[in-house]
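1. Here is the input, now give the coordinates:
(one chain, ligands or ions: 1)
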Amino acid sequence: MAKAETTMENLISLCKRRGFIFQSSDIYGGLSSCYDYGPLGSDLKKNIKEFWWRWMVQRHEDIVGLDASILMAPQVWEASGHVEGFTDPLVDCKKCKHRFREDLLLDPHKCPDCGGELTESRQFNLMFKTYMGPVEDDASIVYLRPETAQGIYVNFPNVVKSTRQRVPFGIAQIGKAFRNEITTENFIFRTREFEQMEMQFFVKPGTDMEWFEKWKQDRIDYYKALNIRPEKLRFHQHGPDELAHYAADAFDIQYEFPFGWKELEGIHNRTDFDLSRHEKFSGKDLAYYDDLTKEKFIPYIIETSAGADRTVLTVLADAYEEQQLEKDSRTVMHFAPEIAPVKAGVFPLVKKDGLPEIAHEITDKLRPHYQVFYDEGGAVGRRYRRQDEIGTPYCITVDFQTKEDETVTIRERDSMEQVRVKIPELRNWLFEKINNRLDSNS
Ligand code: ATP
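-> Residues are numbered from 1 along each chain as shown. Model (predicted):
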């Protein structure tokens, strides 16, 4: 049976109530469009980034990692075109003074908030500026990076020289990016500070479209491995009016959020634009020399660029379900086991007869390997519900039989089925269920 869709209100309320996501600077009334990940949210986001890293870097012999700094030489942003062209069209309402991004308005002449008249649009640069060192003058301007990609491009020669990678190969990075967006929207969907998970794949010109297709397929497979429902995912190809000046072709992977189909990730064929521009602006030779074929060329770049925060929102929206059961109801988050913030709840059936001691022993044994949660409060049914609501895939219950045969009950979140497993086998059992799933997806 298809599950009922959730609303943003339900999601946001669950996120706050259970400690996934809070408004930034809450006690001061909050800072608009900035969010903090709470105890469960920080684990969820960390697990998503780890899953991406495992999928992109660890699984691919021809991809290596990078962690570049947020502040970069200002020339980088001149070469990339951001100083000149990283702008959005800004319009103001003459009546209520609200500001909008013109290209996102249905009617570019009428204020969507009060119906008032809008000003002519002007281009607004989205880069955050700051100053390096004690003097605040034009010579000391630096930018907070608006994307992580440029850190990868300028390190291309360093990586070629320091590793044994040969084109075709990729460089991956996860990190913060900042955009002074005119309007922010929909919780963590569009914020001014966010994290990107990007992979730039360097290929020989002429082979670019083949690689482009390969990465499109790989990236859709990734979301399916993340347990996102396939019917909620689709490709959107950029038309000529959407295509960035550097791109030969571009597809977005879109997800159907509660507020409609929106971009989750961009896959772009960036041609040789980036390395050519950095070659021109830096005066350094950035061509790649293939010592086997004796060819020299500027590689084309296929980019896969996903938002970590947007993936968190996707995963939350996709996982959420309010289920009507025979006797009662439950809210359950169907997270893929790899990314669930808590992997197992451990419960003694009752708070006596030595059961809590055994449950504590199990918790202590599992804790170095997995985030587990010990809970002895209330009826077991209620403890299950609390774990369901935060997406814990397994609940381990120590009962009277445990004292006789060293077995515990493991209850699976989605099917609610139960199996008995011997305590010494618990760790391997969980490993098979949680960490080994990618085996069948590789
Ligand atoms: P838009 O046109 O919606 O502003 P974009 O096409 O400029 O977005 P990209 O530059 O392709 O976005 O960024 C790659 C990915 O980074 C996006 O698919 C998204 O997941 C994430 N991202 C971009 N901007 C934001 C933002 N303001 N907040 C959160 N995530 C973002």
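2. What's the nearest residue in the stretch 1-150 of the chain when you look at the ligand?
-> residue 147 (5.9 Å; Cβ to the nearest ligand atom). Using the backbone N, CA and C atoms, a C-beta is placed for each residue, glycine as well.
3. Residue 409 touches residue 399, doesn't it?
-> Yes. Look at residue 409 against residue 399 with Cβ atoms under 8 Å: they come within range, at 6.5 Å.
4. what's the neighbour count on the nearest residue to the residue of the stretch 1-150 of the chain closest to the ligand once chain neighbours are set aside?
-> Nearest residue to residue 147, sequence neighbours excluded (Cβ to Cβ, 6 or more residues apart in numbering): residue 177, at 5.3 Å. Residues lying near residue 177 (other Cβ atoms under 10 Å) number 21.
5. Need the phi and psi values for residue 177.
-> Main-chain torsions, residue 177, degrees, to the nearest 10: phi -140, psi 160.
6. What residues are bridge-paired with it?
-> For residue 177, the beta-bridge partners under DSSP bridges are residue 194.
7. pretty sure it contacts residue 145?
-> Yes. With contacts counted by Cβ under 8 Å, residue 177 reaches residue 145, the gap being 5.7 Å.
8. Which strand residues bridge residue 71?
-> Listed by DSSP bridges, the beta-bridge partners for residue 71 are residue 144.
9. what's the burial count for the residue of the stretch 1-150 of the chain closest to the ligand?
-> For residue 147, the neighbour count with other Cβ under 10 Å is 19.
10. For it, what are phi and psi?
-> The phi/psi pair for residue 147 (degrees, to the nearest 10) reads phi -160, psi 160.
11. which one's the longest helix in this protein?
-> As assigned by DSSP state H, the longest helix anywhere in the chain is helix 208-225.
12. Give me the contacts around it.
-> For helix 208-225, the external contacting residues (Cβ atoms under 8 Å, 6 or more residues apart in numbering) are 52, 55-56, 168, 201, 203, 230, 233, 235, 248-249, 251, 253, 264-265, 267, 269, 271, 300, 302, 304, 306, 314, 336, 437-438, 441.
13. just checking, next helix/strand downstream of that helix?
-> Using DSSP states H and E, the helix or strand that directly follows helix 208-225 along the chain is strand 233-237.
14. do the helix or strand following that next one and the ligand meet?
-> Counting by DSSP H and E, the element after strand 233-237 in chain order, helix or strand, is strand 249-257. No. Using Cβ under 6 Å from any ligand atom, strand 249-257 stays clear of the ligand, with a minimum separation of 6.8 Å.
15. do stretch 178-190 as well
-> Yes. Against the ligand, stretch 178-190 shows contacts by Cβ under 6 Å from any ligand atom at 179, 181, 190.
16. burial of the residue of the chain found nearest the ligand, as a residue count?
-> Nearest residue of the chain to the ligand (Cβ to the nearest ligand atom) works out as residue 307 at 2.5 Å. Burial of residue 307 is recorded as 23 neighbouring residues (other Cβ under 10 Å).
17. so it makes contact with residue 264?
-> Yes. Using Cβ under 8 Å, residue 307 makes contact with residue 264 at a distance of 7.1 Å.
18. Common neighbours of these two, please.
-> With Cβ under 8 Å, 6+ apart, residue 307 and residue 264 have no common neighbours.
19. Which positions in the stretch 201-350 of the chain make contact with the ligand?
-> On the criterion Cβ under 6 Å from any ligand atom, the ligand has as its neighbours in the stretch 201-350 of the chain the residues 263-266, 305-307, 309-310.
20. Could I get these in a markdown table, plus columns for secondary structure, distance to residue 340 and pLDDT?
-> As requested, those are exported to a markdown table (DSSP: H, G, I helix; E, B strand; the rest coil; distance: Cβ to Cβ, whole Å; pLDDT from 0 to 100):
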| residue | secondary structure | distance to residue 340 | pLDDT |
| --- | --- | --- | --- |
| 263 | strand | 26 | 97 |
| 264 | strand | 20 | 98 |
| 265 | strand | 22 | 98 |
| 266 | strand | 27 | 98 |
| 305 | strand | 26 | 98 |
| 306 | strand | 20 | 98 |
| 307 | strand | 20 | 98 |
| 309 | helix | 18 | 98 |
| 310 | helix | 19 | 98 |
